[in-house]
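Chemist: Give me a 3D structure for the following:
(one chain, ligands or ions: 1)
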Amino acid sequence: MLTLFPGMFEGFTTHGLVRVAREKGLVDVCLHDVREHATDRHRSVDDRPYGGGPGMVLMCGPVFACDEKVVAAGRAAGLSGEPRRVLLTPQGTPLGPSLLEELAREPWLSVFCGHYEGFDERIRIGLRPLEVSIGDYVLSGGEVAAMVLIDGTVRMIPGALGAAEATQDDSFSRSGARLEGPQYTRPREFRGMRVPEVLLSGDHQAIAEWREQQALRRTRERRPDLLGEEHTGEPQ
Ligand code: ADE
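Modeler: Numbering: from 1, shown residues only. Below you'll find the predicted structure:
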């Protein structure tokens, strides 16, 4: 991760899925502070745009220098070739399941988090990153978007999740994009709300059919587009 705020990733890399995947040796996340590569006495990483206008633009120098350090550090750690560079920006390709799967197959990702009004265009021209957006809204920086990307990518790495099939029933897993149906756990009754009888029946066939039905129904109600259908009205 190349960022101006490495501290933002501390909790993310030391908890939950990413921590477990790191402990299993499936992934490592290295934080690189772009500001360490500033060269002036103010440690500047941004400057005013040529031609005028509001806001500040991330400068080439610190970003290219940080990229070079990342490449050298990766090679020293035994990685070969170049990292796949990814730049988080609202102007990028929308992030979806197939892109996550593609990124999960990469041995080495270099993730650039932007800030301020944007990047000097020569960062794009010179480093040729894959530009990725997590949605049609503007965040204050790329860090949160990068965490979304890393979390979604790590889940796709075989062995990262507990059970081998754990992503199969997930909403948006590639085996037929559809939403997951409702789930219940103990107790059987909570504040007058009961667990559907079929789930207590022990009849595996009936349970599988019910789950299938519920998943389809939920998808039809909330995301008919996933089934290639139009919205038919309010959910029942
Ligand atoms: N940086 C700011 N907004 C973003 C977005 N929507 N996706 C990715 N990176 C961003």
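Chemist: got a list of what I134 touches?
Modeler: Contact analysis of I134 by C-beta atoms under 8 Å, 6 or more residues apart in numbering lists 88, 94-95, 145, 148-149. Placement of C-beta: from N, CA and C, glycine included.
Chemist: ok, and which of those residues reach the ligand?
Modeler: Here is what survives when the contacts of I134 are matched to the ligand using C-beta under 6 Å from any ligand atom: 88, 145.
Chemist: Quick check on the contacts of I134: which are buried?
Modeler: Under a neighbour-count criterion of 16 or more other C-beta atoms under 10 Å, the subset of the contacts of I134 counted as buried comprises 88, 95, 145, 148-149.
Chemist: Look up how far P6 lies from R220.
Modeler: R220 sits 44 Å away from P6 when distances are taken as C-beta to C-beta, to the nearest Å.
Chemist: Same question for E230.
Modeler: Distance of E230 to P6, given as C-beta to C-beta: 46 Å.
Chemist: The two: which is more packed in?
Modeler: In this view E230 and P6 are compared by other C-beta atoms under 10 Å, and P6 has more residues nearby, 19 against 7.
Chemist: My guess is that one contacts V29. True?
Modeler: No. Under the criterion of C-beta atoms under 8 Å, P6 is not in contact with V29, lying 10.4 Å apart.
Chemist: What strand or helix carries the residue nearest to the spatial centre of the chain?
Modeler: For the chain, the residue lying nearest the average C-alpha position, counting by C-alpha atoms, centre = their mean, turns out to be L149 (1.7 Å). When elements are defined using DSSP states H and E, L149 is found to belong to helix 142-155.
Chemist: Following that helix in sequence, what is the next regular element?
Modeler: Tracing the chain past helix 142-155, the next element assigned as helix or strand by DSSP H and E is strand 189-190.
Chemist: What pairs with that next one, parallel or antiparallel?
Modeler: Applying DSSP bridges to the sheet, strand 189-190 is found paired with strand 193-194 (antiparallel).
Chemist: domain ranges for this protein?
Modeler: Taking automatic domain parsing as the reference, the chain has its domains at 2-155, 168-236.
Chemist: winner for burial among those domains?
Modeler: Greatest average neighbour count among the domains of the chain goes to domain 2-155 (a mean of 16), per mean count of other C-beta atoms under 10 Å.
Chemist: neighbouring contacts of the worst-scoring helix or strand of the chain on mean pLDDT?
Modeler: For the chain, the helix or strand with the lowest mean confidence is strand 118-119, at a mean of 89 (criterion: mean pLDDT, DSSP states H and E). The set of residues that contact strand 118-119 without belonging to it, under C-beta under 8 Å, 6+ apart, is 55, 57-58, 63, 87, 89.
Chemist: what's the farthest-apart pair in these?
Modeler: Pairwise distances across the contacts of strand 118-119 peak at 17.8 Å for G55 and L87 (criterion: C-beta to C-beta).
Chemist: Contact partners for the residue nearest to E180 when sequence neighbours are not counted?
Modeler: Among residues not flanking E180 along the chain, S171 sits closest, at 5.0 Å (C-beta to C-beta, 6 or more residues apart in numbering). The neighbours of S171, taking C-beta under 8 Å, 6+ apart as the test, are 177-180.
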